[in-house]
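Participant: coordinates for the following, if possible.
(6 chains)
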Number of protein chains: 4
Amino acid sequence: MILNKSQVAQDKREAILDAALDLLASCGFHGFSIKQLADKAGVAAGTVYLYFTDREDLIRQLHSEIVQTIAEAVFVDNESSADLWDQYQLFCRNLWLFYASHPRVLLAKAQFDHLPPATLRSEIESAWHLFKPLSDLYEKGRSQGSIKPLSNHILFGLSIGSLAFIARQLLLGFEDIDTDQFELIVKASWDAISTQPTAIFE
Amino acid sequence: MILNKSQVAQDKREAILDAALDLLASCGFHGFSIKQLADKAGVAAGTVYLYFTDREDLIRQLHSEIVQTIAEAVFVDNESSADLWDQYQLFCRNLWLFYASHPRVLLAKAQFDHLPPATLRSEIESAWHLFKPLSDLYEKGRSQGSIKPLSNHILFGLSIGSLAFIARQLLLGFEDIDTDQFELIVKASWDAISTQPTAIFE
Amino acid sequence: MILNKSQVAQDKREAILDAALDLLASCGFHGFSIKQLADKAGVAAGTVYLYFTDREDLIRQLHSEIVQTIAEAVFVDNESSADLWDQYQLFCRNLWLFYASHPRVLLAKAQFDHLPPATLRSEIESAWHLFKPLSDLYEKGRSQGSIKPLSNHILFGLSIGSLAFIARQLLLGFEDIDTDQFELIVKASWDAISTQPTAIFE
Amino acid sequence: MILNKSQVAQDKREAILDAALDLLASCGFHGFSIKQLADKAGVAAGTVYLYFTDREDLIRQLHSEIVQTIAEAVFVDNESSADLWDQYQLFCRNLWLFYASHPRVLLAKAQFDHLPPATLRSEIESAWHLFKPLSDLYEKGRSQGSIKPLSNHILFGLSIGSLAFIARQLLLGFEDIDTDQFELIVKASWDAISTQPTAIFE
DNA sequence: CATGAATGAGCTTTCATTCAT
DNA sequence: CATGAATGAAAGCTCATTCAT
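Facilitator: Okay, here's the model as predicted:
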């Protein structure tokens, strides 16, 4: 037996979180009952409470892991000294690749983002610190004059937010896009926030 | 007008839908119980079932009315022969004014848009026909070469979708923006989809 | 239909409390599940929550009714100006008759009196005001010198408390006592608190 | 000695019973979970089942030890040939001292005495043989004519039962009594069962 | 012997829906 | 038409008990 006890426990915890991700992605919070979750994870209902204090704790931890995973994936290989447009392209490409390979995460994340106001608000807000490279990019661009003078939240909505929205649309709508189109979309979202949009196209 | 809380609901069906809007905006689907709904609407729980076959039917009808109301508000005063950029500005301004005066609708709409995949999918898709003026704008722009060659879904995500996302952020985040900033945001979202973005700034 | 709606409701509330009394008397708090209670009362589990906010509320109300019922029964026909010994005899006789005809109440009361410390403590303490005629008797006797100089709690334990204890023993032990013996017990418990005990016997 | 918390439990069985006594005294049967018990006893939950077949068996054995311990304490130094009143005083004093030094036992005993009828009935009844010195005292007194002609159960309720009741009241009520009062209470409870009560006071 | 993770029955409570009035 | 008391399935959660280690 290669795995020791704590690894087995860790595995079970992950099995539960994985099942939760599945359930959240496919049924939303509506179908998210502990019984269903336990069934999908292949454990008894009571077992869930060995790893999480209650339903809310489970959801909170799932959210935390999802956000962290996304942030890690998006900012991998980033060099903060690089050209802003290059950085931006990298972020977009990383995000896209991640979503393509982890569609459940995208769908689940959207469920969190639209919880009844004030449910996980603080967690969602505090997650922003994980996206510091993006904030830095916006900040730097604004001070250079290469990015429009709008707040980070708004710039996010115009750029990466759009991209995530589109990714979700595609996932749900079964539409598909090729690499050329993807490049165009990234440029388009850059146009939204950049002050010299056309320069990029020529 | 169902969606205006200040008007006395003219009949019970409208009172119920109005109460449902309220609840959905403030509590999401989670806190949406028929008892609460009936109380808020000033009717008995059983009465709800005289106007709607069940909970799902009520939600479906609410969605339908919300989408219709939004579409009407956004496209009022539109002249399909006008300049595309002028049309776009009008749509944005209409949308913004509507959300400012009907925040509950924005919040409720977001709840619908993030229902578990496949719950209201067909309704959401079929709602697109109400947004024909927007599709037309995209179509016309694409054929003129003034709008990027991307599908309507994607263009929507880059333009109006962004705007709605930002509006929601503001509603929830207590951030506030002035008219100048709003104009800038509209231009930014136009930059995302336009092929001659800078022309607008000069 | 003679009974109006509110009477029916009252009846159901009483049916539930009556079933609760039954259950508490026969099974104690251990066997006191809402499901069992509802079954015994002939209603659905959910119905209990139409009349009581939760399990604790139900128990609290049951306790309140039990204590009030006992107090009423014990002090009926009391004349506070009467001879103390006569008053005492009346209280004992009333208590005894009540328990003989309402054994479940005695058994249930004992369950309350031995709840985990601090559960219903305040209620139990506050119930003392209902036993004012008894406190008055103790007080008067003490100031006259005809009752031993001990606190009310202690006098209670020596007199009525003993009687209740004995009644419970008999109920549980199937022992039976006749009227003569009862008279003797009453005198015995009076001896415990009186300063001139023997005077009574001759 | 199991019942003395300050001594390190000498083996696990004793540790478990000691923890059970603690829990029972402080939380009653309600808060008595095997997990809590095991934690308090410093063993694993499964270990409990090595020493007791199940929860009920544990409770039964705890009851048995408690009763035995009390009986031993109450009748220590008794000389069955001594004067009845002297013997009675000794019993009372022993009981009082025991309770003062082992309040948990008093509180736990009360929990047992008010279990749902028929749960521990046979145990409770069979425990009477441990109180033989007391039965003998009653018996002797009755045949001498110095104690009232009432059954042992009833005499118990009037004398020692009262004392136990009062002791519990004091424990719970934070009331306190001094030695003089204690002497008075003992005399009072003797008055209840004696045929020559006043003789004692002069 | 001892552990404690795992189980699953059973608890309290909520709520969509029905139906007698 | 309208009511709201009643229902009972299903939710989140606890806990006595088992068993592989």
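Participant: which strands or helices does the helix or strand of chain A with the lowest mean pLDDT pack on?
Facilitator: Least confident helix or strand of chain A, by mean pLDDT, DSSP states H and E, is helix A:121-126 with a mean of 74. Helix A:121-126 is packed against helix A:55-75, with contacts defined by 3 or more CB pairs under 8 Å, 6 or more residues apart in numbering or on different chains; DSSP states H and E. Every residue, glycine included, has its C-beta placed from N, CA and C.
Participant: is DNA strand F contacted by the helix it packs on?
Facilitator: Yes - using CB under 7 Å from any atom of the strand, helix A:55-75 reaches DNA strand F at A:55-56.
Participant: which SSE is immediately downstream of that helix?
Facilitator: helix A:84-101 (DSSP states H and E).
Participant: tell me the angle that next one makes with helix A:55-75.
Facilitator: 130 degrees (axes from the mean of the first three to the mean of the last three CA atoms, to 10 degrees).
Participant: list the buried residues in helix A:84-101.
Facilitator: Residues A:84-85, A:87-92, A:94-96, A:98-99 are the ones in helix A:84-101 that count as buried (16 or more other CB atoms under 10 Å in any protein chain shown).
Participant: go on, stretch A:148-162?
Facilitator: A:148, A:150-151, A:153-162.
Participant: what lies in contact with the least confident helix or strand of chain A?
Facilitator: Outside helix A:121-126, the residues that touch it by CB atoms under 8 Å, 6 or more residues apart in numbering or on different chains are A:60, A:63-64, A:112-113, B:172.
Participant: now do 10 Å
Facilitator: Helix A:121-126 is contacted from outside by A:59-60, A:63-64, A:67, A:112-113, A:115, A:120, B:172-173, using CB atoms under 10 Å, 6 or more residues apart in numbering or on different chains.
Participant: return the member of the residues you listed nearest to DNA strand F.
Facilitator: Distance to DNA strand F across those (CB to the nearest atom of the strand) is lowest for A:Ile59, with 9.5 Å.
Participant: contacts only, for that closest one.
Facilitator: A:20, A:24, A:29, A:32, A:52, A:111-112, A:115, A:119-120, A:123.
Participant: and the nearest residue to A:Ala44 once chain neighbours are set aside, how far from chain C?
Facilitator: Distance criterion CB to CB, 6 or more residues apart in numbering or on different chains; nearest residue to A:Ala44, sequence neighbours excluded, is A:Ala38 at 6.0 Å. To chain C, A:Ala38 is 23 Å away according to CB to the nearest CB, to the nearest Å.
Participant: where does the record place the domain boundaries for chain A?
Facilitator: Taking automatic domain parsing as the criterion, chain A consists of the domains A:1-52, A:63-200.
Participant: of all those domains, which one is nearest C:Phe131?
Facilitator: Closest approach to C:Phe131 among the domains of chain A is made by domain A:1-52 (45.6 Å; CB to CB).
Participant: can you give me the mean pLDDT across that closest one?
Facilitator: For domain A:1-52, the mean per-residue pLDDT is 88.
Participant: spell out which parts of chain A neighbour DNA strand F.
Facilitator: A:1, A:32-36, A:45-46, A:49, A:54-56.
Participant: can you redo those as CSV with neighbour count, distance to C:Lys132 and secondary structure?
Facilitator: Output for the residues of chain A next to DNA strand F, formatted as CSV (neighbours: other CB atoms under 10 Å in any protein chain shown; distance: CB to CB, whole Å; DSSP: H, G, I helix; E, B strand; the rest coil):
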residue, neighbour count, distance to C:Lys132, secondary structure
A:Met1, 5, 73, coil
A:Phe32, 18, 56, coil
A:Ser33, 14, 53, coil
A:Ile34, 17, 52, helix
A:Lys35, 10, 54, helix
A:Gln36, 15, 58, helix
A:Ala45, 13, 52, helix
A:Gly46, 9, 51, helix
A:Tyr49, 15, 49, helix
A:Asp54, 11, 47, coil
A:Arg55, 14, 50, helix
A:Glu56, 11, 49, helix
